[in-house]
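S.K.: have a look at this prediction, sequence included:
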Amino acid sequence: MTSAAKTHMTSSLVGAIFFFLPLGVVAVVFAFTARRRLDSDDESGAARASRWARRFMILTFVVGGLIYLLLIASLLALGAFSS
């Protein structure tokens, strides 16, 4: 297992910064835990933390995307984009 491919650190950070911070922070914590466990040669613990990081990272993107869509739909309904 390579640390760059399995920790999901980069995508978790992107999700935390641009999509939904609360779930993104949880994903980053699990990604950091996976990296730390990889460094200490705990393959099973790293795999488990990596799975949780991936789950929360996906949830971050989904929830953040839904919030963005809801925001755009409500602005459209209020006529914010009409000229």
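M.R.: That came in fine, so what should we check first?
S.K.: so what pLDDT did T33 get?
M.R.: T33 is assigned 95 on the pLDDT scale.
S.K.: again, but for A73
M.R.: pLDDT, A73: 96.
S.K.: for the one helix or strand it maps to, buried residues please.
M.R.: According to DSSP states H and E, A73 maps onto helix 43-78. Using 16 or more other C-beta atoms under 10 Å as the test for burial, helix 43-78 gives 46, 49-50, 52-54, 56-57, 59-61, 63-64. All C-beta atoms are positioned from the backbone trio N, CA, C, and that covers glycine.
S.K.: closest to F19 out of the residues you listed?
M.R.: Of all those, G64 has the smallest distance to F19: 2.6 Å, by C-beta to C-beta.
S.K.: how about the nearest residue to that closest one, chain neighbours excluded?
M.R.: Distances taken as C-beta to C-beta, 6 or more residues apart in numbering place F19 nearest to G64, at 2.6 Å, with adjacent residues excluded.
S.K.: L75 now?
M.R.: F81 (6.6 Å).
S.K.: just say helix, strand or coil for that neighbour.
M.R.: Using DSSP: H, G, I helix; E, B strand; the rest coil, the structure places F81 in coil.
S.K.: tell me the pLDDT at it?
M.R.: 84.
S.K.: look up phi and psi at it.
M.R.: phi -100, psi 0 (degrees, to the nearest 10).
S.K.: so what's the residue count around it?
M.R.: F81: 8 surrounding residues under other C-beta atoms under 10 Å.
S.K.: what's the nearest residue to the residue most central in space within the chain if we skip its chain neighbours?
M.R.: Geometric centre of the chain, nearest residue: M57, 2.6 Å, by C-alpha atoms, centre = their mean. Spatial nearest neighbour of M57, excluding adjacent residues (C-beta to C-beta, 6+ apart): A27 at 4.3 Å.
S.K.: three-state assignment of the one you found?
M.R.: helix.
S.K.: surely it meets G15?
M.R.: Yes: between A27 and G15 a contact is recorded at 6.2 Å, counting by C-beta atoms under 8 Å.
S.K.: which residues do these two both contact?
M.R.: Residues touching both A27 and G15 by C-beta atoms under 8 Å, 6 or more residues apart in numbering: 57, 60.
S.K.: I appreciate the help and will end here.
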